[in-house]
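K.L.:
Need coordinates for the below:
(chains A and B)
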Amino acid sequence: MEHNTIRVRFAPSPTGLLHIGGLRTALFCYLFARGQGGTVVLRIEDTDRSRFVPEAEADIAAALAWIGLSVDEGPTVGGPFGPYRQSERKALYHRHVKRLIAQGDAYYAFDTPAQLTELRSAGAAYNVATRMDMTNSLTLPADEVSGRIADGQAHTVRLRVPADRTIRFEDMVKGSVTVESSGIDDQVLIKSDGMPTYHLANVVDDHLMQITHVIRGDEWLPSVAKHILLYEALGWHCPAMAHLPLILSPNGGKLSKRSAQRLGLPVNVRDYQSAGYEPEAVVNFLAFLGWNPGTRQEVFSLAELEKTFTLERVGSAPARFDLDKLQWFNAQHLRRLSAQELWDRACPYLVEVAPDHGVAAAALVQDRIILARDLAETYPYLFTPPDDYDPRGVRRRWKQDSPALVEAYAERLSQLASWEESALETALRSLAAEHKVGAGCLIHPARLAVSGTTAGPSLFALLRVLGQTEVVERLHRAVAVL
RNA sequence: GCCGCGUUCGUCUAGGGGUCUAGGACGCCGGCCUUUCACGCCGGUAACACGGGUUCAAAUCCCGUACGCGGUACCA
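P.N.:
Numbering: from 1, shown residues only, chains lettered A, B, ... in the order given. Prediction:
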């Protein structure tokens, strides 16, 4: 693929399994980049040792692969701007921070957690108003600062945030945003364990990796001002920004693991996978949460989305999660599959070995199911004879004359030379006429006998798919049992 | 608390001064099709948060209020 200069990154934190909201961010990054012929970078933001989960990175990769998002550069594929894990880029951050300190835009701070707590409980913040009262390289003599560092005393590096700056920027989805620097604390840039904070690592990496568009969740919008201050101090250009509206739980609150569980919703991408949703449906559903093409089309493949997606059409209000809609999308995408593909996807849910009429069975119920697993779970009789017969159905449909009629039909069918739907129907209707009863007196008991239920696909299509031997056997058995 | 962002049917949304008696989709309800149940088709239900401006004209622009979400960490 021909790549132009557009470079976008998806930068998750490996603190747990990839969340559905994180996947949506990844999707929008991907769609924007692919639509522009740009490059997709995966960067692992593992600067928080305390929350680091070793399996998380593999889960992220698996989730992206599952829904079909390819990555051009990243920790496993490599690329010219690596390494792609922030924990492996420590030296880079320190190099740039040294410059900031030398320029007077950042300073060492030696305050203890207790001091900081005291500061906050006094209702104050670490900023212009208070920094000269704290223990830092702004207030300590130079030789004491170097002494403390040489002694290995715990310290952080903080950004010296200017007192009265109005920071204005244009967000591609939110529009114009204004923030006063007076409301921003002197941000920690390097933590006492030597790791960079998100803000520093993010700015340094986005610049070094030549990221042109920062596309991420709305929760970062207030941080942009801090980042702009950093870009300015470092003398770098700020990439274009696009902050995506958050996905809310169906009742409007935050879509947290707990709230989702309470509502019976999957949260992690792998939960969607194991619940049986198709990747195409998840993609389509996620794309329509906060974005729409402005046309009547609703069902999109990933490739179609790549062509159609624009950031301009991303809305700015948070969107609630709607499971009904996901299910509808799932049903729609199932119908776009060939019968063979549908059968392949349903196979994992079948306990029995794949029968040779599997594809025909899939075609039979393709437009009736919501999940591929429904093929196995709501139509088990397509593959195994019914264990029992719906009692309500028996009461309603299995009449006095049913055994004789069904037996006669079985007899007729065993004699049949052609196993075409029309032949099956003709046989039934003529038999009914001979017995001077309506066709329904035979159709309903026959369905019950063959499937154990009163609902399902057209009887004759069902019989055709099941095959002569099986059908005759099931009819006989029902007559014997009922 | 302070700061930022947001607010059109229950939900996702179209619309960005007159074409809006506000359109589509999901859901829900009804009908048709089908001697079953779905699908499909047809129809129905239901919204511009509130209050002030600006304007000949406001869902659309401005201000305020309410509500929601986010941020305010040596988490990202």
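
K.L.:
Show me where the stretch 51-200 of chain A has its strands.
P.N.:
When assigned using DSSP state E, counting those that start in this stretch, the strands of the stretch 51-200 of chain A occupy the ranges A:106-109, A:156-159, A:166-171, A:175-180, A:188-190.

K.L.:
would CSV of those strands with mean pLDDT, mean neighbour count and distance to RNA strand B be doable?
P.N.:
No exception for glycine: its C-beta is placed from N, CA and C like everyone else's. Output for these, formatted as CSV (pLDDT from 0 to 100; neighbours: other Cβ atoms under 10 Å; distance: least, Cβ to the nearest atom of the strand, whole Å):
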stretch, mean pLDDT, mean neighbour count, distance to RNA strand B
strand A:106-109, 97, 23, 7
strand A:156-159, 98, 24, 5
strand A:166-171, 94, 14, 8
strand A:175-180, 92, 12, 4
strand A:188-190, 98, 23, 4
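
K.L.:
so who does residue A:372 touch?
P.N.:
Counting by Cβ atoms under 8 Å, 6 or more residues apart in numbering, residue A:372 touches A:276, A:278, A:334, A:342, A:345, A:346, A:349.

K.L.:
at 10 Å what do you get?
P.N.:
A:276-278, A:330, A:333-334, A:337, A:341-349, A:362 (Cβ atoms under 10 Å, 6 or more residues apart in numbering).

K.L.:
mind checking how far it is from residue A:366?
P.N.:
Separation of residue A:372 from residue A:366 (Cβ to Cβ, to the nearest Å): 10 Å.

K.L.:
Quickly list what's touching both of the two.
P.N.:
Joint contacts of residue A:372 and residue A:366 (Cβ under 10 Å, 6+ apart) are A:334, A:337, A:342, A:343.

K.L.:
Residue A:148 contacts residue A:111, doesn't it?
P.N.:
No - Residue A:148 lies out of contact with residue A:111 (Cβ atoms under 10 Å); the separation is 11.8 Å.

K.L.:
what touches both of these two?
P.N.:
A:135, A:154, A:155.

K.L.:
nearest residue to the first one other than its sequence neighbours?
P.N.:
Once flanking residues are discounted, residue A:135 sits nearest to residue A:110: 4.5 Å by Cβ to Cβ, 6 or more residues apart in numbering.

K.L.:
How many residues are close by that neighbour?
P.N.:
20 (other Cβ atoms under 10 Å).

K.L.:
can you pull the pLDDT of residue A:353?
P.N.:
Confidence at residue A:353, expressed as pLDDT, is 67.

K.L.:
Repeat that for residue A:404.
P.N.:
94.

K.L.:
where's it, which helix or strand?
P.N.:
Assigned by DSSP states H and E, residue A:404 falls within helix A:402-415.

K.L.:
name the helices or strands packed onto that helix?
P.N.:
Under the contact criterion of 3 or more Cβ pairs under 10 Å, 6 or more residues apart in numbering; DSSP states H and E, helix A:402-415 touches helix A:421-434, helix A:440-451, helix A:468-481.

K.L.:
Any chance of the ones you listed in CSV with distance to RNA strand B and mean pLDDT as columns?
P.N.:
Formatted as CSV, these follow (distance: least, Cβ to the nearest atom of the strand, whole Å; pLDDT from 0 to 100):
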stretch, distance to RNA strand B, mean pLDDT
helix A:421-434, 6, 93
helix A:440-451, 3, 95
helix A:468-481, 16, 94
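
K.L.:
coming back round to it: of all the strands of the stretch 51-200 of chain A, which one is nearest residue A:471?
P.N.:
Smallest distance to residue A:471 across the strands of the stretch 51-200 of chain A (Cβ to Cβ): 64.0 Å, for strand A:166-171.

K.L.:
Give me the angle between the closest one and strand A:175-180.
P.N.:
160 degrees (axes from the mean of the first three to the mean of the last three Cα atoms, to 10 degrees).

K.L.:
Point out the other elements, helices or strands, that strand A:166-171 touches.
P.N.:
In terms of contacts (3+ Cβ pairs under 10 Å, 6+ apart), strand A:166-171 is packed against strand A:175-180, helix A:224-234, strand A:240-244.

K.L.:
Can you get me a residue count around residue A:121?
P.N.:
Neighbours around residue A:121, by other Cβ under 10 Å: 8.

K.L.:
Sorry, wrong one. I was asking about residue A:381.
P.N.:
19.

K.L.:
Tell me if I'm right that it and residue A:450 touch.
P.N.:
Yes - counting by Cβ under 10 Å, residue A:381 touches residue A:450, with 7.1 Å between them.

K.L.:
what bridges to the nearest residue to residue A:221 once chain neighbours are set aside?
P.N.:
Distances taken as Cβ to Cβ, 6+ apart place residue A:243 nearest to residue A:221, at 4.7 Å, with adjacent residues excluded. Applying DSSP bridges to residue A:243 gives these bridge partners: residue A:216.

K.L.:
Just name the shakiest helix or strand of chain A by mean pLDDT.
P.N.:
Within chain A, no helix or strand scores below helix A:257-262, which has a mean of 82 by mean pLDDT, DSSP states H and E.

K.L.:
How far does that helix sit from its chain's centre?
P.N.:
Centroid separation between helix A:257-262 and its chain, computed with Cα atoms, centre = their mean, to the nearest Å, is 16 Å.

K.L.:
What of stretch A:267-279?
P.N.:
Between the centre of stretch A:267-279 and the centre of its host chain there is 8 Å, according to Cα atoms, centre = their mean.

K.L.:
about what we covered before: and the shared contacts of residue A:372 and residue A:366, which is closest to RNA strand B?
P.N.:
For those, the residue nearest RNA strand B by Cβ to the nearest atom of the strand is residue A:334; the value is 10.9 Å.

K.L.:
so who does that closest one touch?
P.N.:
A:278, A:280-281, A:341-342, A:345-346, A:362, A:365-372, A:374-375.

K.L.:
Please apply the same query to residue A:49.
P.N.:
Residue A:49 neighbours (Cβ under 10 Å, 6+ apart): A:87, A:191, A:193, A:195.

K.L.:
Tell me the secondary structure at residue A:289.
P.N.:
For residue A:289, the assignment made with DSSP: H, G, I helix; E, B strand; the rest coil gives coil.

K.L.:
need the contact list for residue A:252.
P.N.:
A:318, A:320.

K.L.:
If we use 7 Å, what do you get?
P.N.:
Counting by Cβ atoms under 7 Å, 6 or more residues apart in numbering, residue A:252 touches residue A:320.

K.L.:
next one: residue A:391
P.N.:
Listed by Cβ under 7 Å, 6+ apart, the contact set of residue A:391 is empty.

K.L.:
and it, how far is that from RNA strand B?
P.N.:
Remark: distance between residue A:391 and RNA strand B (Cβ to the nearest atom of the strand, to the nearest Å) = 15 Å.

K.L.:
hmm, back to that, remind me what the helix or strand following the least confident helix or strand of chain A packs against, helices and strands.
P.N.:
As assigned by DSSP H and E, the chain's next helix or strand after helix A:257-262 is helix A:269-275. Judged by 3 or more Cβ pairs under 7 Å, 6 or more residues apart in numbering; DSSP states H and E, the packing partners of helix A:269-275 are helix A:20-35, helix A:56-67.
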